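Asker: I'd like to go over a predicted model; first the sequence, then the structure.
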Amino acid sequence: MANATKRKNTESPALQGAAEAKRKRFLLVLTDLGKPEFKVCSVRDLGKLNVDELYQRVKITPWVNTLTAILLAGGEIPGVAVLAKRPNGSLWIVDGQQRFWACSEAKQPLKCLVYAVPEEADR
């Protein structure tokens, strides 16, 4: 019953501040990114995408295996991956890491939305 009354960080400014102080990296809030560019990453391009595990989940193998099987059976994965293009030109997965791995394993292209991010995102 004690867990039922436990407050979430989003419900308390004090808890949110304490959680922020524990972070090893600063919180970066990007606004006004503009419209993304739609891109289809070829199988060759997939090898150039980067994953930052500071904010991305690790590979969930059963999930990736299911998505890979869907692709190999001729199906499609709904939605697109979201990438951040840093000022140095590198592409980083923000959302869609499991889809990325499935496309890599199935040797199929990945549909993406690419947002150009400012220099401070490189920290």
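Answerer: Arrived safely, thanks for sending.

Asker: As CSV, could you dump the C-alpha coordinates of the longest helix seen in the chain?
Answerer: Ranked by number of residues, the top helix in the chain under DSSP state H is helix 61-72. C-alpha atoms of helix 61-72 as CSV (Å, rounded to 0.1, in the frame of the first residue of the first chain):
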residue,chain,number,x,y,z
THR,A,61,16.5,-8.9,-28.6
PRO,A,62,13.1,-10.6,-28.6
TRP,A,63,11.5,-7.3,-29.8
VAL,A,64,14.1,-6.9,-32.6
ASN,A,65,13.7,-10.6,-33.6
THR,A,66,10.0,-10.1,-34.0
LEU,A,67,10.4,-6.9,-36.0
THR,A,68,13.1,-8.6,-38.2
ALA,A,69,10.7,-11.5,-38.9
ILE,A,70,8.0,-9.1,-39.9
LEU,A,71,10.3,-7.4,-42.4
LEU,A,72,11.6,-10.7,-43.8
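
Asker: just how off-centre is that helix within its chain?
Answerer: In terms of Cα atoms, centre = their mean, to the nearest Å, the centre of helix 61-72 is set 18 Å apart from its chain centre.

Asker: tell me which strands and helices the following helix or strand past that helix is in contact with?
Answerer: Counting by DSSP states H and E, the next helix or strand C-terminal to helix 61-72 is strand 81-85. Under the contact criterion of 3 or more Cβ pairs under 8 Å, 6 or more residues apart in numbering; DSSP states H and E, strand 81-85 touches strand 91-95, helix 97-106, strand 110-116. All C-beta atoms are positioned from the backbone trio N, CA, C, and that covers glycine.
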